[in-house]
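>>> Below are the sequence and a predicted model for it; my questions follow.
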Amino acid sequence: RELEEDLHAAIEEGQFELFYQPRLDLNSGSIESYEALIRWNHPEKGLVSPVDFIPAAEGSGQIIPIGKWVIQTALATAADELPTARLSVNVSPVQFRDNDFVEDVRRAIEASGIPASRLELEITENLLIEDDARALSILTSLKAIGVKIALDDFGVGYSSLGYLSRFPFDTIKIDRSFVSDAGKNSNSLAIIETVVRLGKALNMRVVAEGIEDLETLNLLIRSGCNEIQGFLIGRPQPVRALGVDIPTSV
Ligand code: G
Ligand code: G
Ligand code: MN
Ligand code: NA
């Protein structure tokens, strides 16, 4: 059977789960936010990666109910299990451009009872390429609700510095390809340091993703970025497992 057919049952039968990966704030030295990452416990195939089913879900439109479930579930976790943390969730371009998206986000936040500022939506540059005016209008409406907006995977794809001046981002997430390279490629490190300065000048937080070893950790601490994320800090895990192997300070 096609993955797409199985997706129909997945929400109803509770086969999706959110994992949470810590983001370490370098100023306070503590974990103040987590990125929510979806996992699918498929009845026959076992754990299916979002890389394999998100494209199918986007093609079939299933990404709309799935994306809604992700936001509702992350907010419920923020209310019940992680009551002081901020949570970021990934938003698909298809979901972002759905006519009901802003209203769905607003309602989910209202139902959860938590401040909108504790939710950050991660979007990618490729979502901004077409119809700038519509993207700007959606982002402006989201900002009016009070949610934070992060530009994910920054520096790969159709990066345009113009996006940083046109759109109201709170956070820039430097793509992990630059981070994993920083120790051996001085150009990658120079790009990271420049994005950090750019973020400061534009009043946006800068998060470096994909820190896997101590050498990279030290480079990134010195780069002056605001937060770091990566397997060294903590792997994505179910909420019940958080705190087991996560350092609370560096
Ligand atoms: O967690 P992992 O490295 O397997 O994620 C692989 C990809 O799937 C990443 O690009 C990530 O942004 C994306 N992804 C993970 N969770 C979600 C989600 O809830 N919604 C969307 N749209 N993408 C997600
Ligand atoms: O596209 P996005 O940045 O949302 O992708 C997040 C994905 O990156 C998650 O699926 C997560 O599993 C993965 N990830 C997080 N930290 C690391 C890391 O240190 N190394 C690698 N290789 N992947 C990571
Ligand atoms: Mn992300
Ligand atoms: Na990313």
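Everything's here; your move. Ligands and ions are numbered 1, 2, ... in the order given.
>>> got the residues of this protein near ligand 3?
90, 122, 152 (CB under 5 Å from the ion). Every residue, glycine included, has its C-beta placed from N, CA and C.
>>> didn't the first one look like it was pressed against Asp152?
Which is Asn90. Yes - counting by CB atoms under 8 Å, Asp152 is a contact partner of Asn90 at 6.8 Å.
>>> what do those two both touch?
Residues touching both Asn90 and Asp152 (CB atoms under 8 Å, 6 or more residues apart in numbering): Glu122.
>>> hang on, the earlier thing: and the residues of the chain next to ligand 3 as CSV, adding secondary structure, pLDDT and neighbour count?
Shown next, in CSV, are these (DSSP: H, G, I helix; E, B strand; the rest coil; pLDDT from 0 to 100; neighbours: other CB atoms under 10 Å):
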residue, secondary structure, pLDDT, neighbour count
Asn90, strand, 98, 20
Glu122, strand, 98, 19
Asp152, strand, 96, 21
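>>> And the residue of the protein that's closest to ligand 2?
At 3.3 Å from ligand 2, Gly230 is the closest residue in the chain, using CB to the nearest ligand atom.
>>> partners of the top strand by length along the chain, with directions?
Taking DSSP state E as the criterion, the chain has its longest strand at strand 30-42. Neighbouring strands of strand 30-42 in its sheet, by DSSP bridges, are strand 16-25 (antiparallel), strand 46-48 (antiparallel), strand 86-90 (parallel).
>>> is it anywhere near ligand 4?
No - between strand 30-42 and ligand 4, judged by CB under 5 Å from the ion, nothing touches; the nearest distance is 8.5 Å.
>>> Please shift the residue numbers so they start at 5 in all later answers.
Yep, numbering from 5; the last one is strand 34-46 now.
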